[in-house]
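Please work out how this folds:
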Amino acid sequence: QPQLVESGGGLVQPGGSLRLSCAASGFSLNTYAVAWFRQVPGEPRESVSCISMSGTSTLYADSVKGRFTTSRDNALNTVYLEMNNLKPDDAAIYYCAAGPSFKRLYGGDYTYWGKGTQVTVSS
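A predicted model of the protein is given here:
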């Protein structure tokens, strides 16, 4: 059964770093663009980043540019989100999603969606 599984979330102090992973099983992730979204309960979902199938194109939300980096290892069927200089406003549940269109995926048009990993930023 195709699925995406996020990992790497946790509690970090402001200014700290985390690396999230999004591992695919049951399908080949290299035929999909992959995006990261985040959501705080009760608030709208926010697009965070997106990476193309080849990894040569990326998109980032203005709020994370210069601090977050997405990358992929198609041999491992995994996409990553490196998060540096974390701020309290970055705290949320982070989800990864996969879809065939890079730009439509960033807008929320996905084929596969993970269950999320919690990121807490607090001193």
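
number of nearby residues for Arg104?
For Arg104, the neighbour count with other CB atoms under 10 Å is 14. For the C-beta atoms, the positions are set from N, CA and C on the backbone; glycine is no exception.

hang on, it in a strand?
No - looking at Arg104 with DSSP: H, G, I helix; E, B strand; the rest coil, it is helix, so not inside a strand.

do you know how far it is from Asn74?
Distance of Arg104 to Asn74, computed by CB to CB, to the nearest Å: 20 Å.

Centre-most residue in this structure?
Trp36 (2.6 Å; CA atoms, centre = their mean).

worst-scoring helix or strand of this protein, pLDDT-wise?
One helix or strand of the chain scores below all others by mean pLDDT, DSSP states H and E: helix 102-106, with a mean of 88.

and whichever helix or strand comes after that one, what does it pack onto?
Where DSSP states H and E defines the elements, the next helix or strand beyond helix 102-106 is strand 112-113. Strand 112-113 is packed against strand 3-7, strand 92-99, with contacts defined by 3 or more CB pairs under 8 Å, 6 or more residues apart in numbering; DSSP states H and E.

Okay then, goodbye and thanks.
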